[in-house]
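K.L.:
no FASTA, just this:
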């Protein structure tokens, strides 16, 4: 069987047309709506919280707050890094004035701070994720506002230093 050049061209054009229309929004297709981004984002963030719970030792809450800093990088940072990659892969919604991008930048800044100083996420006053969580909650990404504290809950400076037990 011999394929004519014209038939081959039609076949390739048809394939490319089908491949181009198979996109699912976000990075390669049409931009997501804000509602779609919120729905997909909350799913991603619930997954990150579940990963933290699965990774954390069952006795984490019984460990003194200051000693929990050893768990910040392997549990919190690793999970939130994956969460951020997944959120970026979804693609940003159109027409939100850059609000979603500000949330992602806030998460990124929180990660940078948590990598530098693992004690910061353990204290409410220095929580590097607080600004991003506030933005996420206001935007509608409620699961994302809570995912950074799924396992490692921040306390106070007094609790960190063992005062007032």
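P.N.:
Ah, there it is. Keep in mind it's a predicted model, so treat the numbers as computed, not measured.
K.L.:
report the contact partners of residue 107.
P.N.:
Counting by CB atoms under 8 Å, 6 or more residues apart in numbering, residue 107 touches 80, 83, 84, 87, 129, 132, 144, 148. C-beta: built from backbone N, CA, C; applies to glycine.
K.L.:
is residue 137 in contact with residue 147, as I believe?
P.N.:
No. Applying CB atoms under 8 Å as the test, residue 137 and residue 147 come out as separate, 11.5 Å apart.
K.L.:
where exactly do the strands run in this structure?
P.N.:
Ranges of strands in the chain, per DSSP state E: none exist.
K.L.:
buried residues, the longest helix seen in the chain. List them.
P.N.:
When the chain is parsed with DSSP state H, its longest helix is helix 34-55. Buried residues in helix 34-55, counted by 16 or more other CB atoms under 10 Å: 34, 37-38, 40-42, 44-49, 51-52.
K.L.:
okay if I get the residues you listed as CSV plus distance to residue 121 and pLDDT?
P.N.:
Listed next are the buried residues of helix 34-55 as CSV, based on distance: CB to CB, whole Å; pLDDT from 0 to 100:
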residue, distance to residue 121, pLDDT
34, 28, 95
37, 25, 97
38, 24, 97
40, 25, 98
41, 21, 98
42, 21, 98
44, 19, 98
45, 16, 97
46, 19, 98
47, 19, 97
48, 14, 97
49, 14, 97
51, 16, 96
52, 12, 96
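K.L.:
which one of residue 137 and residue 147 is surrounded by more residues?
P.N.:
residue 147 (28 against 15; other CB atoms under 10 Å).
K.L.:
is that one in contact with residue 83, as I believe?
P.N.:
Yes. Taking contacts as CB under 8 Å, residue 147 lies within contact range of residue 83: 6.2 Å.
K.L.:
list the residues that contact both of those two?
P.N.:
The contact sets of residue 147 and residue 83 overlap at 45, 48 (CB under 8 Å, 6+ apart).
K.L.:
hang on, the earlier thing: looking at the buried residues of helix 34-55, which one is closest to residue 100?
P.N.:
Residue 100 has its nearest neighbour among the buried residues of helix 34-55 in residue 37, at 6.0 Å by CB to CB.
K.L.:
what distance do you get for the closest one to residue 114?
P.N.:
Taking CB to CB, to the nearest Å as the measure, residue 37 falls 24 Å from residue 114.
K.L.:
average model confidence for stretch 114-131?
P.N.:
Per-residue pLDDT values over stretch 114-131 give a mean of 95.
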